[in-house]
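Q: would you be able to build a 3D model of this:
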Amino acid sequence: MTHISKLPSLRRREFLKRASAVSVVGGAAPWALQLAAINDAAAATASPGDYRALVCVFLYGGNDYGNTVIPYDTASHQAYQAIRPTLAIGRDALAATALAPTIALPDGRQMALAPGLSAIKPVFDAGRLGVMLNVGTLMAPTTLAQFKAASVPLPPKLFSHNDQQSLWQSSNVEGATTGWGGRMADMMLAANGKSALTCINLSGNAVFQAGNSAFQYQMGAGGKPPINGVGSSLFGSSACASLLKSLISEERSHAMEQELNRITARSIDLQSTLSSALGGGASLSTAFATDSLSQQLKMVARLIGARSALGTTRQVFFVSLGGFDLHDGLTSRHPQLMQQVGGAMASFDAAMGELGMSDRVTAFTASDFGRTLSSNGDGADHGWGSHHFVMGGAVRGGRFYGTAPSVSVNGPDDVGQGRLLPTTGVDQLASTLALWMGVPATELRTVLPNIGNFATSDLGFMA
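A: Sure, this is the predicted structure:
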């Protein structure tokens, strides 16, 4: 637990205010403090025009980097095709998605997007999308020799889905209670009129958005459904509905009952606020597909369009898509997933342009890990480093960041079977985004405890 003296001034004030609210519950204080911690902050301290948001697009299962950002120069593509003969995408099929970055890769290296990602190529060409090469979970910069000798701290439980998902989102293995999105949001609660809307999850539950004070508000792509019987008739009776609302939200003498009812009352209030704001918010003419990821991002766009009515100036969103654990069926299923990711992100980019919010919103992809470059026949197995995207009007896009890995098995970037040893740490990607969101450089270690192990905390991809 973070010591109170280490909290920045805003977080100390919030902590003390919330702690005093539950001091009467004695031994139950840790649990009750978690419930109390999602109280609304006093008032927004940032101006309405100073809005910024991050959108994490998490690809559950471990996305195959080899068929996402693909070697395109003749020599590299030949090596790629030789390593995965049953999985490789032919060079002719990549001509339309070959990337022409503003800063060329060294040694004549060229890359192309998967054909399914064709919808985001214009976003790259327009300078609003950057490609992050070989990013992964690291505790500190690590060479292949150091990895083999275990002479530097290594991420625990490598190649484990749950643990690597948690490391990406929180800097710790499964069981972590806070994530870097939530820890960042801890510092921004007072910037929003309703702090419970600082972190919004459109796809369930993720440690990424849990903070010491910030908690994720969960809703679906269709909005937040009301509590049954509240706000409508119950058993055909409005009186019954009023009685139910009173029972689940009225003041209680028992501390635990009071806390539960207070949270329920806030849930009812927030659902009403969201429903009203979304109903009166800016309408979108941008078309979104009907798949899950597209609809999640459409709701994020609608919420951003309703930011003034919601009183929000800093927000962190989480959306996700599953199905990437492709030990088999990679050639048939991965292209469909790429098409969903590309289409959804392109529509979101267009929606931000329509709202005039492109330079205020940054989306980025993340995943458990990459997959092996070598094929197991019909798929690829668990890997480590991977390639990712950062998108938005504030992104210095149209170029690559990081180091293009060698296209080889048991080569200089490979810990075995084509598992990439990351050359850029997740913490470096995250710290660059956190700085853009307004986290002071002096507070980066509060958000990302390992960032001090890296020489660079700003990768330069944000304007």
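
Q: where do the helices sit along the stretch 1-150 of the chain?
A: 9-21, 29-36, 74-83, 121-125, 144-149 (DSSP state H, counting those that start in this stretch).

Q: just to check, residue 144 is in contact with residue 421?
A: Yes: contact status for residue 144 versus residue 421: in contact at 5.8 Å, counting by Cβ atoms under 8 Å. Using the backbone N, CA and C atoms, a C-beta is placed for each residue, glycine as well.

Q: name the residues contacting each of the two.
A: Common neighbours of residue 144 and residue 421, using Cβ atoms under 8 Å, 6 or more residues apart in numbering, are 413, 414, 415.

Q: tabulate those in TSV, adding columns for distance to residue 459.
A: Converted to TSV, the shared contacts of residue 144 and residue 421 look like this (distance: Cβ to Cβ, whole Å):
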residue	distance to residue 459
413	18
414	23
415	23
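
Q: which of those residues are buried?
A: For the shared contacts of residue 144 and residue 421, a burial check counting by 16 or more other Cβ atoms under 10 Å picks out 413, 414, 415.

Q: lowest average pLDDT across the helices of the stretch 1-150 of the chain?
A: If you rank the helices of the stretch 1-150 of the chain by mean pLDDT, helix 29-36 sits at the bottom with a mean of 37.

Q: ranges for the strands of the stretch 301-450 of the chain?
A: 314-321, 361-367, 386-391, 400-402, 424-425 (DSSP state E, counting those that start in this stretch).

Q: tell me which of the ones you listed sits nearest to residue 128.
A: Nearest to residue 128 among the strands of the stretch 301-450 of the chain is strand 386-391 (6.1 Å), distances taken as Cβ to Cβ.

Q: which secondary structure elements does that closest one contact?
A: For strand 386-391, the packing partners by 3 or more Cβ pairs under 8 Å, 6 or more residues apart in numbering; DSSP states H and E come out as strand 129-136, helix 330-355, strand 361-367, helix 426-437.

Q: and for the third one, what's in contact with it?
A: Contacts to strand 361-367, defined as Cβ under 8 Å, 6+ apart, come from residues 52-63, 168-169, 297, 304, 324, 341, 345, 348, 352, 386, 388-395, 426, 429, 433, 436, 462.

Q: render the CA-only coordinates of it in CSV, please.
A: Taking C-alpha atoms only, strand 361-367 is exported to CSV below (Å, rounded to 0.1, in the frame of the first residue of the first chain):
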residue,chain,number,x,y,z
VAL,A,361,-7.7,11.5,-27.4
THR,A,362,-5.0,8.8,-27.8
ALA,A,363,-5.7,5.2,-28.3
PHE,A,364,-3.2,2.4,-28.0
THR,A,365,-3.1,-1.4,-28.4
ALA,A,366,-1.9,-3.9,-25.9
SER,A,367,-1.9,-7.6,-25.5
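
Q: if you average pLDDT over that strand, what comes out?
A: Averaging pLDDT along strand 361-367 gives 99.

Q: for residue 153, the count of nearby residues, please.
A: Using other Cβ atoms under 10 Å, residue 153 is surrounded by 13 other residues.

Q: list the contacts of it.
A: 139, 140.

Q: and it, how close does it get to residue 347?
A: Using Cβ to Cβ, to the nearest Å, residue 153 is found at 41 Å from residue 347.

Q: swap in residue 289?
A: Counting by Cβ to Cβ, the gap from residue 289 to residue 347 is 7 Å.

Q: these two: who's more crowded?
A: Set residue 289 next to residue 347 and count neighbours by other Cβ under 10 Å: residue 347 wins out with 21 against 17.

Q: from residue 299, how far off is the nearest residue to the more buried one once chain neighbours are set aside?
A: Nearest in space to residue 347, with sequence neighbours left out and distances taken as Cβ to Cβ, 6 or more residues apart in numbering, is residue 288 at 4.7 Å. Here residue 288 is placed at a distance of 9 Å from residue 299 (Cβ to Cβ).

Q: next, count neighbours for the closest residue to residue 326 other than its chain neighbours.
A: Sequence neighbours aside, residue 379 is the residue nearest to residue 326 in space, at 4.8 Å (criterion: Cβ to Cβ, 6+ apart). Neighbours of residue 379 under the rule other Cβ under 10 Å: 20.

Q: then residue 157?
A: 15.

Q: settle this for me: it is touching residue 163, isn't it.
A: Yes: Residue 157 is in contact with residue 163 according to Cβ under 8 Å; the separation is 3.8 Å.

Q: shared neighbours of those two, anything?
A: Common contacts of residue 157 and residue 163, defined by Cβ under 8 Å, 6+ apart, comprise 173, 174.

Q: same list, the strands of the stretch 301-450 of the chain, but as a markdown table with mean neighbour count please.
A: Below are the strands of the stretch 301-450 of the chain laid out as a markdown table (neighbours: other Cβ atoms under 10 Å):
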| stretch | mean neighbour count |
| --- | --- |
| strand 314-321 | 25 |
| strand 361-367 | 24 |
| strand 386-391 | 26 |
| strand 400-402 | 22 |
| strand 424-425 | 24 |
